[in-house]
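Colleague: structure for the following, please:
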Amino acid sequence: MSIAVGVIDMGTSNLASVLRGLQAAGLEPTLLRRPWVDGAFGRVVLPGVGTFKAGMEALTRMGLIDPIRRHVQAGRPLLGICLGAQLLMERGTEFGDHAGLGLIPGTVLRLPETPGRRIPHVGWSAIEPDAPWDETLLSSLAAGAFVYFTHSFACVPDAPSHRLAHFTFGPHRAAAAVAVGSATGLQFHPELSSRTGLDILRRLGQF
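Modeller: Residues are numbered from 1 along each chain as shown. Model prediction:
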């Protein structure tokens, strides 16, 4: 029996790879472009590319901010991917200061300028744990697993315990995954991260 997953379509990204990844993980994705009935989906994915401001404007225009918050308040899993992960935070600083969904206390900041490292950060990087991965979407991964990134900004949670994993960017450590309650944000793209990413998406179906 397939497990239904709602996938929010903000109209700011090509969702084809996300949908294929979820299907390959044995899940049954349904695109969401308007508010849904509370409880209609046990799991919801918020993917996205583009700017923080444009992402929040899209969610506001579509009337999806309150449904997303109610979904998490009810303890149902929400997975944010790339921009979707950043929108989980309280604030974003891309092209000004903007309010986010406020599900994870903290701010989204530009990656630090680092000699020898280009921004945006694009490609494969290893992730290491900052908090126990048991009972999280990363529970099937080993420390040092490689995943695929493409981004210029990253989440900076207020509480260190809300950072599940980091990657190194020159001498700096930046958040690769953040979580509070049933909301998890992945700065990397699980749908583009080969078997490792599929393991994460399969784990979503077990929540």
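Colleague: hmm, residue 191 and residue 22 touching each other?
Modeller: Yes - if you go by Cβ atoms under 8 Å, residue 22 and residue 191 touch, sitting 7.5 Å apart. Bear in mind the C-beta positions are built from the backbone N, C-alpha and C, glycine included.
Colleague: so the two - more neighbours on which side?
Modeller: Counting neighbours by other Cβ atoms under 10 Å for residue 22 and for residue 191 shows that residue 22 has the greater number, 28 against 25.
Colleague: pull the contacting residues for that one.
Modeller: 5, 7, 28, 29, 45, 191, 201 (Cβ atoms under 8 Å, 6 or more residues apart in numbering).
Colleague: tell me where the model's unsure across the chain.
Modeller: For the chain, the stretches with pLDDT under 70 are 1, 12-13.
Colleague: how about the strands in it?
Modeller: For the chain, the strands defined by DSSP state E occupy 3-8, 27-32, 44-46, 78-81, 89-92, 98-99, 104-110, 121-129, 145-151, 153-157, 163-169, 172-180, 183-186.
Colleague: out of those, which comes closest to residue 137?
Modeller: Within the strands of the chain, the stretch nearest residue 137 is strand 183-186; the backing value is 5.3 Å (Cβ to Cβ).
Colleague: other SSEs contacting that closest one?
Modeller: strand 78-81, helix 83-87, strand 172-180 (3 or more Cβ pairs under 8 Å, 6 or more residues apart in numbering; DSSP states H and E).
Colleague: let's see 6 Å
Modeller: Using 3 or more Cβ pairs under 6 Å, 6 or more residues apart in numbering; DSSP states H and E as the contact test, the elements touching strand 183-186 are strand 78-81.
Colleague: can you show me the CA trace of the strand it packs on as PDB?
Modeller: Extracted in PDB, the C-alpha atoms of strand 78-81 (Å, rounded to 0.1, in the frame of the first residue of the first chain):
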ATOM      1  CA  LEU A  78       7.000  18.200   7.500                       C
ATOM      2  CA  LEU A  79      10.100  18.000   5.400                       C
ATOM      3  CA  GLY A  80      11.600  21.200   4.000                       C
ATOM      4  CA  ILE A  81      14.200  20.800   1.200                       C
END
